[in-house]
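Asks: Predicted coordinates and the sequence they were generated for:
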Amino acid sequence: MTGPLGVPAFRRLLLAAFVSEIGDWVLLVALPVYVYQRTGSVGSTATTFVVALLPGLALSPLAGVLADRWDRRRVMLGVTLAQAVALLPLLTGDLLLVNVVMAVQAALATLFEPARNALLPEVVGRDQVAAANGLAGLNANLARLIGASLGGLVPAWGGLPGVLWVDVASFVLAAALLARRFPVERVRVVEARHPWRAWVEGLRAIRGPLRGMVAVVGLMAVAQGMFMVLFVVFVTERLGGGEAEVGLLRGVQAVGGLVGGALVGWLARRLSAWSLLGWSLVGFAAIAATGWNGVHLTTAFAFYLGVFALCGAPGVVAGAGMMSVLQLHASDEVRGRVLATFLSLFDAFQALGMVLAGVLPLGLGALLNAQAALYLTAGLLVLLRIGVVGASAGAGWRRRRARPGPGTTSSDPGGTAARTPAATPPHPGT
C-alpha cells in the first residue's frame with residue numbers, strides 16, 4: 001500500500017474520524033427531525049441548527065490553543081469520550097435538553113477539528129499532506145452518506161434512545177482507535193500563559209501567504225453560505241421540486257465528493273497545493289454557473305443530478321487544497337491556533353453569506369450568479385499568486401543561495417513548503 005494509506009497511524013486516524021463523523025451526521029439529521037415532529041414549528045427546528053453553529057465561533061480561540069498546548073491525540077481522545085457522555089441527557093426526551101446536547105456536541109467538535117488537522121502533517125509527512133487531505137475529504141463524504149441515512153432510519157427503528165446508543169457506539173469505537181499513541185515527534189509545549197495571549201500569538205503567525213488566504217477563505221465561506229440558502233429556493237422555484245428533490249440533489253453531491261477525494265492523491269503528485277485550490281475553485285465556479293443558468297435551456301431533473309454530482313468533486317479538491325496550504329504554511333508550534341482561526345473565519349463569513357442571500361435586493365438569478373462569481377474570484381486570487389511566485393521564484397532562489405541562514409526555513413515565507421516533492425516552482429501548468 002502506497003501514499004498516505006501506507007502509513008498505519010494515518011489509517012487509524014482516518015478510521016477514527018470516519019466512525020466519529022458517522023455519529024455526528026446521525027445526530028445532525030435525527031435531532032432536527034425529532035424537534036419538528038414534537039413541535040411542528042419551523043422556527044424551533046431552525047433554532048436547533050443555529051445552536052450548532054454558534055459554539056464554533058465562541059470556542060475557536062480556545063480550540064486552537066489546546067491543539068498547540070496539549071498532546072493532540074489526547075485532546076481528540078478526551079473530546080470523543082466527552083461526546084459519548086454528553087449524549088446521555090437525550091434519554092429524557094426533553095426539547096430544551098435536545099438543544100443543549102446539540103450545542104455541547106458542536107462545541108466539542110470545535111475542539112476536535114483543529115487537533116486532528118494539526119496532527120495530520122506529523123503523521124503522514126509534508127510531501128503526503130495534500131493526498132491525505134483528499135482521503136479525509138473522501139472519508140467525510142462517505143461518512144455523510146452513511147450517517148445521514150442512519151439519521152433517517154434509526155429514529156424510525158428505535159426512537160431517540162436508538163439515536164443515542166448508535167451515536168455513543170460510534171464515539172466509543174473512535175476513542176478505542178485513538179487510545180494508542182501515534183509514532184510522531186512530540187510537539188513543543190506552548191509556554192503556560194493566558195489562553196487569550198496564546199491565541200493572539202497564533203494570530204501573529206498569519207502572515208505572508210497565510211495573510212492572502214484570509215481573503216480566499218472569506219470569499220469561499222460567503223459563497224458557501226449563500227449556496228445553503230439559495231439552493232433550496234432554486235430547486236423549488238426554478239426546478240419545481242419539493243423536499244425529496246432538495247434532499248436528493250444535496251445528497252448526490254457526496255457522490256461527486258467521493259470521486260474528488262479519490263482523485264486528490266493523483267492530482268497532488270502533479271500539482272502544488274496552491275494549484276489544487278485555485279483550479280478547483282475555478283472549476284467549481286464554472287459548474288455552478290452552468291447549473292444556475294441551465295434553466296434557460298432545460299429543467300430536466302436528470303441534468304441537475306449530473307450537475308450537482310459534478311460539483312462535489314471540485315468541492316472536495318478545493319477543501320483539500322485549502323487545508324493543505326494552511327497546514328504547510330503554519331509551523332507546528334502554532335498550527336492548531338492558525339487552523340482554528342481560519343475555521344472560525346469560515347463559520348463567520350458563511351453566516352454572513354446566509355444573511356446576504358436573504359437581504360440583498362437582487363433577483364434570484366443575480367444572487368446565484370454572484371455566488372458563482374465569488375468562487376471564481378477566490379480561484380483567480382490563488383492563481384494570481386501562483387503566477388507571482390512562479391515569476392519571482394528564480395530571483396528568490398538566487399537570494400537564498402547568496403544569503404543562507406537559519407531563518408530561510410523557519411516559516412517558509414516563500415511558499416516552497418506547498419510544492420510537490422519535485423520542488424518545481426508552482427504555476428498553472430504543473
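Replies: Good, I have the coordinates.
Asks: from the middle of its chain, how far away would the helix or strand encompassing Ala357 be?
Replies: Assigned by DSSP states H and E, Ala357 falls within helix 335-359. Between the centre of helix 335-359 and the centre of its chain there are 11 Å (CA atoms, centre = their mean, to the nearest Å).
Asks: Please apply the same query to stretch 97-110.
Replies: Its chain's C-alpha centre and that of stretch 97-110 lie 18 Å apart, by CA atoms, centre = their mean.
Asks: So for it, mean pLDDT?
Replies: Stretch 97-110 carries an average pLDDT of 83.
Asks: Roughly how far does Ala115 sit from Leu14?
Replies: Using CB to CB, to the nearest Å, one gets 15 Å for the distance from Ala115 to Leu14. (Glycine included, C-beta is placed from N, CA and C.)
Asks: more crowded one of these two?
Replies: Under the neighbour definition other CB atoms under 10 Å, Ala115 and Leu14 were set side by side, and Ala115 has more, 27 against 20.
Asks: quick one, what contacts the more buried one?
Replies: For Ala115, the contact set (CB atoms under 8 Å, 6 or more residues apart in numbering) comprises 63, 66-67, 72-73, 75-76, 79, 336.
Asks: Quick check, pLDDT for it.
Replies: 83.
Asks: Spatially central residue in the protein, please.
Replies: Here the mean C-alpha position of the chain is nearest to the C-alpha of Gly319 (CA atoms, centre = their mean), at a distance of 6.1 Å.
Asks: pLDDT value on Pro425, please?
Replies: For Pro425, the model assigns a pLDDT of 28.
Asks: do the same with Ala67
Replies: For Ala67, the model assigns a pLDDT of 73.
Asks: contacting residues for it?
Replies: Ala67 makes contact with 75, 114-115, 118, 335-337, 339-340 under the criterion CB under 8 Å, 6+ apart.
Asks: In CSV: those, plus distance to Ala289.
Replies: As requested, the contacts of Ala67 are exported to CSV (distance: CB to CB, whole Å):
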residue, distance to Ala289
Val75, 41
Pro114, 33
Ala115, 37
Ala118, 35
Arg335, 35
Gly336, 36
Arg337, 36
Leu339, 30
Ala340, 33
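Asks: Nearest to Asp127 among those residues?
Replies: Arg335 (16.8 Å; CB to CB).
Asks: Just give the closest residue to the closest one, not the sequence neighbours.
Replies: Ala118 (4.3 Å; CB to CB, 6 or more residues apart in numbering).
Asks: if I pick the one you found, what's in contact with it?
Replies: The contact partners of Ala118, by CB under 8 Å, 6+ apart, come to 67-68, 72, 327, 332, 335-336, 339.
Asks: So which bits of the one helix or strand it maps to are buried?
Replies: If you go by DSSP H and E, Ala118 is part of helix 95-124. By neighbour count with 16 or more other CB atoms under 10 Å, helix 95-124 contains the buried residues 98-99, 101-124.
Asks: Downstream of it, the next helix or strand is which one?
Replies: Tracing the chain past helix 95-124, the next element assigned as helix or strand by DSSP H and E is helix 129-178.
Asks: Correct me if wrong: Phe171 contacts Glu21.
Replies: No: with the criterion set as CB atoms under 8 Å, Phe171 and Glu21 do not qualify as a contacting pair; they are 10.7 Å apart.
Asks: For the two, indicate the residue with more neighbours.
Replies: When Phe171 and Glu21 are compared for neighbours, Phe171 comes out ahead with 26 against 23, by other CB under 10 Å.
Asks: rewinding a little: identify the farthest-apart pair in the contacts of Ala115.
Replies: Ala63 and Arg73 (15.3 Å).
Asks: rewinding a little: and the residue nearest to the centre of the chain, what element?
Replies: Per DSSP H and E, Gly319 falls inside helix 301-329.
Asks: Which positions in that helix come out as buried?
Replies: Buried residues in helix 301-329 (16+ other CB under 10 Å): 303-304, 307-329.
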